[in-house]
Every structure is written in C-alpha cells, then in structure tokens.
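Asker: Need a 3D model of the following:
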Amino acid sequence: MKRFLYTLCSILLLINPFDIRSQENTLADNLALSRNRNIQQMLDLRFRGGSGEFEKLLINQVFYTEEARQNCVNGVVILSFTVDCDNTPGELKMRNALYYGFNEQLTAFYSSTVGKWNQCTDERYTRFEIPIQFILEGTETNGRGFVVVEGKNPGYKCKSDQYYLDNIEKLRKKGKTKRALEMIDILMKRDPYNQTYYDLKNSFFDKQD
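Answerer: Purely as a prediction, here's the structure:
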C-alpha cells in the first residue's frame, strides 16, 4: 500500500506543473477573450462599419518593416485614446511601444480614423484600449491582441517565450542580472498583460534589498 501511495504521489508531482501551466494559459485565454469581446462591442457601437472595418483599415495600413523582421520583433502595442461622443478624437498614447517604424504607422492609422466614428450619448463608450499584436510567422508566444499584424519569417526561427523563461533563471544563478532583466523586458513586450513577468522582474530587485 505504501509503495502504491509513493508511486501515485510521484506521478502527481510530475503532472502538477503541467496542470498549473495549463490552468494559467486557460485563465489568460479567458481574460483575453473577455477583453476582446468588450473591445468588439465598443467598436461595433462607435466605429462606422464596426470592429471588422476598424481591423481591416489597420491591417491595410500597418506592416512589418524589414528592420523589425530581421530583429525578430514580436510584441503587443496597446493603443489608448478617447473619442468623445461628439466624435472629437483625443491624443493617441501607445503603451508598450515597439518602435522599428511601428509607432509612425500606428499614429498615421489613428489619424485616418478621424471622421469615421459614430456619435454616442454615454461617456462610457469614449475610452478605448486596444492591444495590437505584431507577430512573425512561426514564433511561439503567449501574447494576445485584438488585431493581429503578422509578418513573414525572416528566414530563421525567432526565439520562443519558453527560450527566454528557461534562460532567465540560468542567468540569475550566474549573476548576470542585466542580461536576465533584458530577457524579462522582451517577454513583457510580447505579453504586457501577463502579471507574472512583472512579478518576476520585481523579484530581482527584492533580492537586492
């Protein structure tokens, strides 16, 4: 009986890490679905032609630059802006900006939406936060966006999220803190809604106190 319980516990120990990771991914998926559902409802109400027209307009104007492709730039830019009920657009802010020419393209896209908004009577429908994901084909990442801009593979496989996660702890043990933090920043660029990455980064500074 003891041998059976020992074997069972050993199996559970092997399975649990996978289960936990699976549960985390499921939770992240659910949060992303809920977030995107709210964005879609907002755009369907306020943007002329709805969320589908908003996405079509963005994809037709925003592309991967060659420099971004060659540097394996993957990430999620969060567009934050307001459009008053009388259709007056506010200033565009970009959280988690990726640069490499993306900022300029997104700014031009936002300017092109002027005059394409519907009026409203409720101020709740004036504030927008829209994640735009930039991803190169074949890249394994957990980042999620409402609109996805995909670029062609640069001719070699870009590193996965797991590659960075596997190496962060190795770098920490070797005392290479700066390089480890750089890798965490890359993960945060790819998945800015993932609180785990922020906690991981803070853990480096907590150990220094």
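Asker: Would you map the strands across this structure?
Answerer: Taking DSSP state E to define them, one finds strands in the chain at 75-82, 93-95, 127-136, 147-151.
Asker: What strands line up against the second one, and which way round?
Answerer: By that I understand strand 93-95. Using DSSP bridges, strand 93-95 pairs in its sheet with strand 75-82 (antiparallel).
Asker: returning to what we had before: so which of the strands of the chain comes closest to residue 110?
Answerer: strand 75-82 (6.7 Å; Cβ to Cβ). For glycine as for every other residue, the C-beta is placed from the backbone atoms N, C-alpha and C.
Asker: mind listing what's buried in the closest one?
Answerer: 75, 76, 77, 78, 79, 81 (16 or more other Cβ atoms under 10 Å).
Asker: export those to a markdown table and tack on pLDDT?
Answerer: Below are the buried residues of strand 75-82 laid out as a markdown table (pLDDT from 0 to 100):
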| residue | pLDDT |
| --- | --- |
| 75 | 97 |
| 76 | 98 |
| 77 | 98 |
| 78 | 98 |
| 79 | 98 |
| 81 | 97 |
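Asker: which two in the residues you listed are spaced the farthest apart?
Answerer: Across the buried residues of strand 75-82, the longest distance by Cβ to Cβ is 19.0 Å; it joins 75 and 81.
Asker: re earlier: quick one, which of the strands of the chain is nearest to residue 55?
Answerer: Among those, strand 147-151 comes nearest to residue 55, with 5.0 Å by Cβ to Cβ.
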